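Undergrad: after the sequence you'll find the predicted model.
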Amino acid sequence: MKEDAERTIIVELTDADARDSGIFTWDIVRDLVYGDSALAALFGLAASETSQGLPLKLYLDRVHPEDRRGWQRQLRKRS
């Protein structure tokens with residue numbers, strides 16, 4: 001997967017304590033994350049915006065500072 005020119009990752013975010021899971025597609029080449037309404041709610045964004053694609057940084061900026069390093073580590077593993 002790392003050698004593909006057009007890489008996309010599809011992930012389902014699940015949390016045992018969450019009512020809904022968020023599903024997103026990350027277009028690595030274009031640096032856009034497309035998310036469903038549950039992902040929008042998790043990050044405090046409008047579903048109309050997440051469905052159109054937003055830069056990954058916009059999501060990462062909304063992650064609690066103590067959790068950000070873990071997220072970034074996981075993203076590096078997958079990209």
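TA: Ah, there it is.
Undergrad: off-centre distance for stretch 65-79?
TA: Computed by Cα atoms, centre = their mean, to the nearest Å, the separation of stretch 65-79 from the middle of its chain amounts to 11 Å.
Undergrad: all strands for the chain, in order.
TA: Remark: strands assigned in the chain by DSSP state E are 8-13, 22-27, 32-35, 54-55.
Undergrad: hang on, residue 56 packs against residue 31?
TA: Yes. Counting by Cβ atoms under 8 Å, residue 31 is a contact partner of residue 56 at 5.7 Å. Any C-beta I mention is one placed from the backbone N, CA and C, and that applies to glycine too.
Undergrad: higher neighbour count, those two?
TA: Neighbours were tallied for residue 56 and for residue 31 using other Cβ atoms under 10 Å; the higher tally belongs to residue 56 (17 against 12).
Undergrad: and residue 59, how far from residue 70?
TA: Distance, residue 59 to residue 70, using Cβ to Cβ, to the nearest Å: 14 Å.
Undergrad: who has more neighbours, those two?
TA: A count of neighbours by other Cβ under 10 Å puts residue 59 above the other of residue 59 and residue 70, at 19 against 10.
Undergrad: per-residue confidence at the more buried one?
TA: Looking at residue 59, its pLDDT stands at 90.
Undergrad: cool, residue 29 as well?
TA: Listed pLDDT for residue 29 reads 87.
Undergrad: what count of nearby residues applies to residue 53?
TA: Using other Cβ under 10 Å, residue 53 has 16 neighbouring residues.
Undergrad: for the closest residue to it other than its chain neighbours, give me its contacts.
TA: With Cβ to Cβ, 6 or more residues apart in numbering as the criterion, residue 53 has its nearest non-adjacent residue at 3.6 Å, and that residue is residue 32. Neighbouring residues of residue 32 by Cβ atoms under 8 Å, 6 or more residues apart in numbering: 26, 53-56.
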